[in-house]
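**Q** sequence-free structure coming up:
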């Protein structure tokens, strides 16, 4: 996972901490990494995930993007 991917997933305060490692941070919650996967706290407004229909990145409160919901 790279810095661009982290920022796309809502980890907006993330930064490179050296030697290919990243400090995973979110401005809205106390995010952390569990088994190599960055996660937000439940209910975080920055939480993003892939649409269940087409894999577009959308807010976690939605299941499908606008195109797949039709």
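**A** That came through, no problem. Since the model is a prediction, treat every value here as computed from it, not as a measurement. Numbers count the residues shown, from 1 in each chain.

**Q** so who does the residue nearest the centre of the chain touch?
**A** Among the residues of the chain, residue 9 comes closest to the average C-alpha position under C-alpha atoms, centre = their mean, at 2.3 Å. Contacts for residue 9 were tallied using C-beta atoms under 8 Å, 6 or more residues apart in numbering; they are 38, 48-49, 57. C-beta here means a position set from N, CA and C on the backbone, and glycine is covered the same way.

**Q** how far away is it from residue 70?
**A** Counting by C-beta to C-beta, to the nearest Å, the gap between residue 9 and residue 70 amounts to 25 Å.

**Q** rewinding a little: closest to residue 21 among the contacts of residue 9?
**A** Each of the contacts of residue 9 was scored against residue 21 by C-beta to C-beta, and residue 38 proved nearest at 12.5 Å.

**Q** please enumerate the strands of the chain.
**A** 15-18, 21-23, 32-34, 37-39, 48-50, 57-59 (DSSP state E).

**Q** rank the ones you listed by pLDDT, which is bottom?
**A** Lowest mean pLDDT within these: strand 15-18, at a mean of 87.

**Q** counting by contacts, list what it packs against.
**A** Counting contacts by 3 or more C-beta pairs under 8 Å, 6 or more residues apart in numbering; DSSP states H and E, strand 15-18 is packed against strand 21-23.

**Q** how about residue 29, what does it touch?
**A** Taking C-beta under 8 Å, 6+ apart as the test, what residue 29 contacts is 40-41, 44, 46-47.
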